[in-house]
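Undergrad: build the 3D model from these lines:
(one chain, ligands or ions: 1)
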Amino acid sequence: MTIELAVIGGTGVYALGELADVETHQPVTPYGAPSGPVRAGTYAGRRVAFLARHGEGHSLPPHRINYRANLAALKALGATRVLALNTVGGITERFGPRVLACPEQLIDYTWGRISTLCEEPGSEVLHVDFGDPYTPSLRRQVVAAAAQAGVALVDGGCYGATQGPRLETRAEIARMRHDGCDLVGMTGMPEAGLARELGLDYACLAIVANWAAGAGPEVDEVITLQDVLDNVSAAMAGVPELLRRVLAG
Ligand code: HPA
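TA: Purely as a prediction, here's the structure:
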């Protein structure tokens, strides 16, 4: 079976509403089981697979996600391209709440996660090129699709992947800004690196849910889950049309 696009949903995105003729797969991979079932079906006339990264009931925190199994499961179903939806905080001016962005760089601050396919003794040692962590051709398609769909999207930016599950301190965000990060999220790595090791095209569609700690106009603002979910659902309004255009492209 060919899957033209696999979509991984992040916080607040647990299904693809328009997916039709859905088959449910419960794959088991050499790395174990993915976060939940993979729903494969038809979206705008094309074969699409969807997986909720945290599980459909959001039961897995970022550091407990089996990123290897998730990507291996999508690949085993025939996917070659993955569009990762990642809910993030915004650090720099252009990346305020409800913005959609397609970052082009990342910095990995996570630790203690299995971040490679060559973890097991005896497995082939891989040193994949990762200068462009997101596949440029898929990024270009996402950016073009947004323009065609009339959906505002920031092309570029640097995603900083933190360990979580707690949010960051204001000092941590100030350091990340100094490092060059525009966005902060907890699930961007090791997912992007593993996708590269697996030979999958991979791009991130980041959905800004909140200003990161100390980054917004109200310096002592408290970030609530409700704000995060409200902003994600507002920002998702244009995503179905964007996906249709990616699939048509
Ligand atoms: N920090 C890290 N991850 C996030 C945030 C944040 O502010 N918002 C949504 N995911």
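
Undergrad: beta partners for the residue of the chain found nearest the ligand?
TA: The nearest approach of the chain to the ligand comes at residue 89, 2.4 Å away (C-beta to the nearest ligand atom). Heads up, the C-betas are built off the backbone N, CA and C, glycines and all. Here residue 89 sits in beta bridges with residue 184, residue 210, going by DSSP bridges.

Undergrad: count of neighbours near it?
TA: Neighbour count for residue 89, taken as other C-beta atoms under 10 Å: 28.

Undergrad: tell me who's in contact with residue 48.
TA: 3, 4, 5, 6, 7, 16, 19, 40, 41, 42, 243, 247 (C-beta atoms under 8 Å, 6 or more residues apart in numbering).

Undergrad: repeat that with 10 Å
TA: 3-7, 16, 18-20, 22, 39-42, 79, 83, 243, 246-247 (C-beta atoms under 10 Å, 6 or more residues apart in numbering).

Undergrad: what about it, which SS state?
TA: strand (DSSP: H, G, I helix; E, B strand; the rest coil).

Undergrad: can you pull the pLDDT of it?
TA: Residue 48 is assigned 97 on the pLDDT scale.

Undergrad: circling back: surely the residue of the chain closest to the ligand meets residue 232?
TA: No. Contact criterion C-beta atoms under 10 Å: residue 89 and residue 232 do not qualify, at 11.7 Å.

Undergrad: now the longest helix seen in the chain: buried residues?
TA: The longest helix of the chain (DSSP state H) is helix 136-149. Within helix 136-149, the residues that qualify as buried are 138, 139, 141, 142, 143, 145, 146, 149, counting by 16 or more other C-beta atoms under 10 Å.

Undergrad: count of neighbours near the closest residue to the third one other than its chain neighbours?
TA: Pointing back at residue 141 there. Spatial nearest neighbour of residue 141, excluding adjacent residues (C-beta to C-beta, 6 or more residues apart in numbering): residue 249 at 5.1 Å. Applying other C-beta under 10 Å, we find 11 residues neighbouring residue 249.
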